[in-house]
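Colleague: sequence and predicted structure below; questions after.
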Amino acid sequence: MKALIITYYWPPSGGSGVQRWLKFVKYLRDFDIEPIVFTADNPNYPILDASLGDEIPKNIEILKIPIREPNSFLSIFKKNKTKESAGFLNPNPSFFGKILQYIRANYFIPDARKFWIKPSVNYLEKYLSENKIDAIITTGPPHSLHLIGLQLKQKLNVKWIADFRDPWTDIDYFHLLPLTQKAKMKHHKLEQNVLKNADAVLVVGETMKDNYANFSKNIHVISNGFDDALSATKTELDSKFSITHVGLMNDDRNPIVLWKVLQEICKENADFKDDLIFRIIGKTSNSVDENLAQFPKSNFQKIEYLSHVEVREQQQKSQILLLAINNVPSANGIVTGKIFEYLQAQRPILAIGPKNGDAAKIIKNTNAGFTVGFDDESELKSVILEFYSKFKSGNLMVNSIGINQYHRKHLTKKLSEVIKSLV
């Protein structure tokens, strides 16, 4: 059995977007499914991690055609040439920046990879006519890729699975886009067309499943996960009371309540101030940098990027792992990929977000830590002081349960069952 996976993110892309399907491809052969990957030949990735190429199985067929990305053209007008992810929308853009945001939001629907749809359909229509493929799978974002799947479905009636690593119109930054009413309606219509026409839909959480239930009757929750065993060599924990956050921290993910509580405890407890170190691995917004600047430099470390292997090492040595959920209307359904590697690291998780959200339920069900509401200063202070007390006594640990259900191989087995059910 063969499955064609249509993905924009593929090594040497770094970051979270590449992990899900790189891992599925790694294990699909174990379940008698041969993966073929279709991806962009010249993509404009914001983060690179060449080491991930080592995880691609041997002799996998990888198809590539060039992609034309208007983001590259629009960037020539920017003073700051740094590549940014969609989560870093500037909340206070210049006049010219507002124009660029308006153009990108309203003229590149569903996203800036829309110009890859037609050449990809033409290429894959020919490929599928010459090669036996049992199912195609599109994964988004970018959600333009689902429109490739939609057109191939309409032309060839091929079995098609649409995988939503993140929601479309419910994604955390959608409400920030300067969209006209017409553009919003177009997004919703395209999203619904994908959901109604796909033979199966994959989502990463229960909230997404509930939100899409009106448009698809064949939805499966297959979360993200972790891979491989931890190193047999026992990692030495930080000697400081370290709180580590992995991944980008934009304005919506900026845990204002945490800075306030940490400052308060530092004023009240000199030992805590001396022991504290806050570590951020990933890009940060200006507002986060301003908050960090209120602390002595000895209290925090900011690391722009580490390879995936180095990130895993930092997670295992940290005293506490911070999960900051975006404070947005769709917060309940946000399940960031890092939560599963946090589980694997087996260090206490401190989550700040909705207490009845999908992420909070995972943490509670695995006994992996605590979730505190966005504005609950009192509970957050209590939880941090409890963690600190255990740290001082050398007893800060976690006894998590049931985390093996999130291993990538187990999740790939679930995926294989969905594919085989269609074929």
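Modeller: Here it is on my side, so go on.
Colleague: any idea which helix or strand comes after the least confident helix or strand in the chain by mean pLDDT?
Modeller: One helix or strand of the chain scores below all others by mean pLDDT, DSSP states H and E: helix 70-74, with a mean of 54. Counting by DSSP states H and E, the next helix or strand C-terminal to helix 70-74 is helix 95-107.
Colleague: that next one - what's its average pLDDT?
Modeller: Per-residue pLDDT values over helix 95-107 give a mean of 84.
Colleague: tell me the helices and strands packed up against that helix.
Modeller: Contact analysis of helix 95-107 by 3 or more Cβ pairs under 8 Å, 6 or more residues apart in numbering; DSSP states H and E lists helix 70-74 as its packing neighbours. For glycine as for every other residue, the C-beta is placed from the backbone atoms N, C-alpha and C.
Colleague: let's see 7 Å
Modeller: The contact analysis (3 or more Cβ pairs under 7 Å, 6 or more residues apart in numbering; DSSP states H and E) places helix 95-107 against no helix or strand.
Colleague: next, residue 34: phi, psi?
Modeller: Torsion angles at residue 34 (phi, psi; degrees, to the nearest 10) stand at phi -90, psi 120.
Colleague: ok, and the closest non-adjacent residue to it?
Modeller: With Cβ to Cβ, 6 or more residues apart in numbering as the criterion, residue 34 has its nearest non-adjacent residue at 4.7 Å, and that residue is residue 2.
Colleague: my read: the one you found touches residue 37, true?
Modeller: No. The pair residue 2 / residue 37 is not scored as a contact, 11.5 Å apart, by Cβ atoms under 7 Å.
Colleague: can you pull out the strands in the stretch 201-350 of the chain?
Modeller: Secondary structure of the stretch 201-350 of the chain (DSSP state E, counting those that start in this stretch): strands at 219-221, 241-246, 276-281, 300-303, 320-324, 349-352.
Colleague: lowest average confidence across those strands, which one?
Modeller: Of all those, strand 300-303 carries the lowest average pLDDT, namely a mean of 91.
Colleague: so for that strand, what gets flagged as buried?
Modeller: 300-302 (16 or more other Cβ atoms under 10 Å).
Colleague: contacting residues for residue 307?
Modeller: 49, 51 (Cβ atoms under 7 Å, 6 or more residues apart in numbering).
Colleague: for residue 145, which non-adjacent residue is spatially closest?
Modeller: Using Cβ to Cβ, 6+ apart, the closest residue to residue 145 is residue 138 (4.5 Å).
Colleague: residue contacts, the one you found?
Modeller: Contacts for residue 138 (Cβ under 7 Å, 6+ apart) come out as 6, 145-146, 148-149, 162-163.
Colleague: hey, C-alpha coordinates of stretch 112-132 in CSV?
Modeller: Provided in CSV are the C-alpha atoms of stretch 112-132 (Å, rounded to 0.1, in the frame of the first residue of the first chain):
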residue,chain,number,x,y,z
ALA,A,112,1.2,32.9,0.5
ARG,A,113,1.8,29.4,-0.9
LYS,A,114,-1.4,29.6,-3.1
PHE,A,115,0.7,30.0,-6.3
TRP,A,116,2.0,26.4,-5.7
ILE,A,117,-1.4,24.9,-6.0
LYS,A,118,-1.8,24.9,-9.8
PRO,A,119,1.7,23.6,-10.7
SER,A,120,1.5,21.0,-8.0
VAL,A,121,-1.9,19.7,-9.2
ASN,A,122,-0.6,19.5,-12.8
TYR,A,123,2.5,17.7,-11.7
LEU,A,124,0.7,15.3,-9.3
GLU,A,125,-2.1,14.6,-11.7
LYS,A,126,0.4,13.2,-14.2
TYR,A,127,2.3,11.3,-11.5
LEU,A,128,-0.8,9.7,-10.1
SER,A,129,-1.9,8.7,-13.6
GLU,A,130,1.4,6.8,-14.1
ASN,A,131,1.9,5.4,-10.5
LYS,A,132,-0.5,3.4,-8.3
